[in-house]
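1. turn this into a model:
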Amino acid sequence: MEWSEFGRVALAAGLGAIVGLEREIRDKPAGLRTHILVGAGSALLLVLGSPVIAEFKEQGEDFVNSDPIRVMQAIIVGISVLGAGTIFHEGAHRVEGLTTAASIFLTAGIGIAVGVGKWPLALGTTMGAFVVLFVVGWIERLCGRNRDV
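-> Below you'll find the model as predicted:
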């Protein structure tokens with residue numbers, strides 16, 4: 001059982017690496033390592049949810065209830081703070097880091113999906129993110145858009 005759980009965390013880390021690769025290549029504030037850790041951490045927290053509840057119930061603690069939605073909410077709040085840290089203003093009318101913040105948020109979602117066993121959804125979402133970051137980013141640069149892509 002624990003190896004399959006570790007496999008989920010490792011898969012989430014690998015998918016996070018795919019998303020973080022483009023950020024790393026573009027030399028953005030949150031790159032490969034950050035995305036790997038966000039994906040793995042999100043999956044880990046969800047994988048741990050049920051065993052932690054079971055452990056409390058074995059000890060006779062009936063007041064502990066399982067609610068995976070609260071775990072997801074906590075992950076989202078934490079990731080939002082991390083993402084906000086990558087956004088900064090440059091001059092009067094330029095904001096940097098929005099795409100990086102969005103990619104961190106999406107990586108957390110991918111980790112959550114893997115953590116609850118929805119790995120095909122996580123894989124498809126990762127491939128979609130890859131297309132958006134590489135292909136759409138390339139198209140924006142080709143069109144002369146000078147943005148944080």
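2. where in this structure is pLDDT low?
-> Applying pLDDT under 70 to the chain flags residues 1, 60-66, 145-149.
3. what about the strands in it?
-> For the chain, the strands defined by DSSP state E occupy 88-89, 95-96.
4. can you tell me which of those is most buried?
-> strand 95-96 (a mean of 14; mean count of other Cβ atoms under 10 Å). Where you see a C-beta, it was placed from the backbone N, CA and C, and this is true even at glycine.
5. can you put the strands of the chain in JSON lines and add distance to residue 81?
-> Formatted as JSON lines, the strands of the chain follow (distance: least, Cβ to Cβ, whole Å):
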{"stretch": "strand 88-89", "distance to residue 81": "15"}
{"stretch": "strand 95-96", "distance to residue 81": "18"}
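6. list the buried residues in the longest helix along the chain.
-> Secondary structure of the chain per DSSP state H: the longest helix is helix 32-58. Using 16 or more other Cβ atoms under 10 Å as the test for burial, helix 32-58 gives 32, 34-47, 49, 53.
7. which elements pack onto it?
-> Taking 3 or more Cβ pairs under 8 Å, 6 or more residues apart in numbering; DSSP states H and E as contact, the helices and strands that helix 32-58 lies on are helix 2-25, helix 68-84, helix 98-115.
8. appreciated, that's everything.
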